[in-house]
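Asker: Sequence first, then the predicted structure:
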Amino acid sequence: MAMKIKLDRIISIATLAASLVAIVLVLKRPVPVATPMPAAAVAANADSFDQKMAQLQQSTDATQSLSTAAAQTAETTATASQPKAAVHINSNEISAVLAQSLGTAGAQLTPDTNLGSGAPTIKDQQVSFDGDLVHGQFLTEIAGKDVWITISGHIGSKDGYASFEPTEFKVGDLSVPVSLVNPALQQKLSEQRDRLKLPEFVGGMKVENGELVLTQK
């Protein structure tokens, strides 16, 4: 009997300790995935992003005009062999655009909505690219506490819409199994499908060699 009481006490203490550690890890800020940019750099990178998107749109418009002209003159082989234009966008440019639109954008990027009711408010964000992965960190409020949500995964496109498959998810410095998060995340992305629609002139999207690559339609 005494042994059972002692064992129960040890289990209780261990459970309490594990809970305290989990709370500390949740509230602890993880290692940043990117370096914050000064306001001037944000503006410059946002302008660079806009210029690249305009360039891609112009390439798409030019290709469509050539295709129309070729069809009218029955010269389709020349335009069909032309490679599709693409632009390469770095993480600083993406971060700058997100920073400028922080008040309205980003809700579809935060799969932590199952931790509370209502859409979370994003107070800060960081984005970086590594190989074919995107890493994002978002500061939001959970139960009155500021908590960093970190999510990594693969960005792609399907049927004219952006897609995302997570490979890692963390609340604070506490790792959460992706298998527990992904169903809720995909449900949230489905609900926000209209926000994931790609511009008409974008045909594909992926992260490659540490950059976001957008190809013309």
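Answerer: Yes, it's here.
Asker: Which neighbouring elements make contact with the lengthiest helix in the chain?
Answerer: If you go by DSSP state H, the chain has its longest helix at helix 39-73. Under the contact definition 3 or more Cβ pairs under 8 Å, 6 or more residues apart in numbering; DSSP states H and E, helix 39-73 sits against helix 76-80, strand 86-89, helix 91-100, strand 211-216. For the C-beta atoms, the positions are set from N, CA and C on the backbone; glycine is no exception.
Asker: Provide the angle between the direction of the last one and the direction of helix 39-73.
Answerer: Angular relation of strand 211-216 and helix 39-73 on a 0 to 180 degree scale: 30 degrees, by axes from the mean of the first three to the mean of the last three Cα atoms, to 10 degrees.
Asker: just the CA coordinates of strand 211-216, formatted as CSV?
Answerer: The C-alpha trace of strand 211-216 is given here as CSV (Å, rounded to 0.1, in the frame of the first residue of the first chain):
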residue,chain,number,x,y,z
GLU,A,211,13.5,31.1,-53.4
LEU,A,212,9.9,31.3,-54.3
VAL,A,213,9.6,30.6,-58.1
LEU,A,214,6.5,31.8,-59.9
THR,A,215,6.0,30.8,-63.5
GLN,A,216,3.7,32.5,-66.0
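Asker: Neighbouring strands of that strand in the sheet, and parallel or not?
Answerer: Strand 211-216 has the following strand partners under DSSP bridges: strand 86-89 (antiparallel), strand 202-208 (antiparallel).
Asker: With distance to residue 135 and mean pLDDT as extra columns, can I get those strands in JSON lines?
Answerer: Formatted as JSON lines, the strands paired with strand 211-216 follow (distance: least, Cβ to Cβ, whole Å; pLDDT from 0 to 100):
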{"stretch": "strand 86-89", "distance to residue 135": "15", "mean pLDDT": "92"}
{"stretch": "strand 202-208", "distance to residue 135": "10", "mean pLDDT": "91"}
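Asker: May I see the ones you listed organised as JSON lines, with distance to residue 156 and mean neighbour count added?
Answerer: Compiled in JSON lines, the strands paired with strand 211-216 are given as follows (distance: least, Cβ to Cβ, whole Å; neighbours: other Cβ atoms under 10 Å):
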{"stretch": "strand 86-89", "distance to residue 156": "15", "mean neighbour count": "18"}
{"stretch": "strand 202-208", "distance to residue 156": "6", "mean neighbour count": "17"}
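Asker: Dump those into CSV; add distance to residue 155 as well.
Answerer: Formatted as CSV, the strands paired with strand 211-216 follow (distance: least, Cβ to Cβ, whole Å):
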stretch, distance to residue 155
strand 86-89, 11
strand 202-208, 5
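Asker: Nearest to residue 142, out of those?
Answerer: Closest approach to residue 142 among those (Cβ to Cβ): strand 202-208, 27.9 Å.
Asker: Thank you, goodbye.
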